[in-house]
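> Structure for this input, please:
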Amino acid sequence: MNGKSMETAIEILGKFYQIKCPAEEAETLKQAAQWLNEKMRGFRASSGVAQPEIVAIMTALNIARDFLQLQKEKNVESQHINDRLQTLNTQINNALQQNNQLDFYTS
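The predicted structure is shown next:
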């Protein structure tokens, strides 16, 4: 990161904004703005709501809901993976114990 900031032009619902951001993040900012613009246009088209403030708030709520749902799913999946790893660890420890007992009997 070189620390240089730059003005980046983005368009949301037909309005242009100049956003200051680090130069290395400009392309990501443009992609985020384009994605947000598509989401907002989609909400506006499907809902018939024309007021930009309401479109922005409802789109933000939809994005927040999606984010929280993905976070919940990730947490469930992480717990599933941790449970599976614990089961595998127990099986490995049991197998090692059985192997040690066999070594004791054959010595």
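
> where in this structure is pLDDT low?
Applying pLDDT under 70 to the chain flags the ranges 1-3, 102-107.

> And the host helix or strand of residue 85, what does it pack against?
Using DSSP states H and E, residue 85 falls within helix 52-106. In this structure, helix 52-106 makes packing contacts with helix 26-47, judged by 3 or more CB pairs under 8 Å, 6 or more residues apart in numbering; DSSP states H and E. Using the backbone N, CA and C atoms, a C-beta is placed for each residue, glycine as well.

> Which of the residues in the helix it packs on are classified as buried?
Applying a neighbour-count criterion of 16 or more other CB atoms under 10 Å, one finds 26, 29, 30, 33, 36, 37, 39, 40, 43, 44 buried in helix 26-47.

> Let me know the angle separating it from helix 52-106.
110 degrees (axes from the mean of the first three to the mean of the last three CA atoms, to 10 degrees).

> Name the residues that touch helix 26-47?
Helix 26-47 is contacted by residues 6, 8, 10-13, 19, 21, 49-50, 55-56, 58-59, 62-63 when judged by CB atoms under 8 Å, 6 or more residues apart in numbering.

> So what's the residue count around residue 95?
10 (other CB atoms under 10 Å).

> what does the one 5 residues further on give?
Residues contacting residue 100 under the criterion other CB under 10 Å number 9.

> what's the answer for residue 49, then?
That count, for residue 49 with other CB under 10 Å as the rule, works out to 14.

> That one falls within a helix, correct?
No. Under DSSP: H, G, I helix; E, B strand; the rest coil, residue 49 sits outside any helix and is assigned coil.

> in terms of contact, does it touch residue 55 like I think?
Yes. Residue 49 is within contact range of residue 55, at 5.6 Å (criterion: CB atoms under 8 Å).

> tell me how far stretch 9-28 is from the chain's mean position?
Distance of stretch 9-28 from the chain centroid (CA atoms, centre = their mean, to the nearest Å) equals 21 Å.

> are any of the contacts of helix 26-47 buried, and which?
8, 10, 12, 55, 56, 58, 59.
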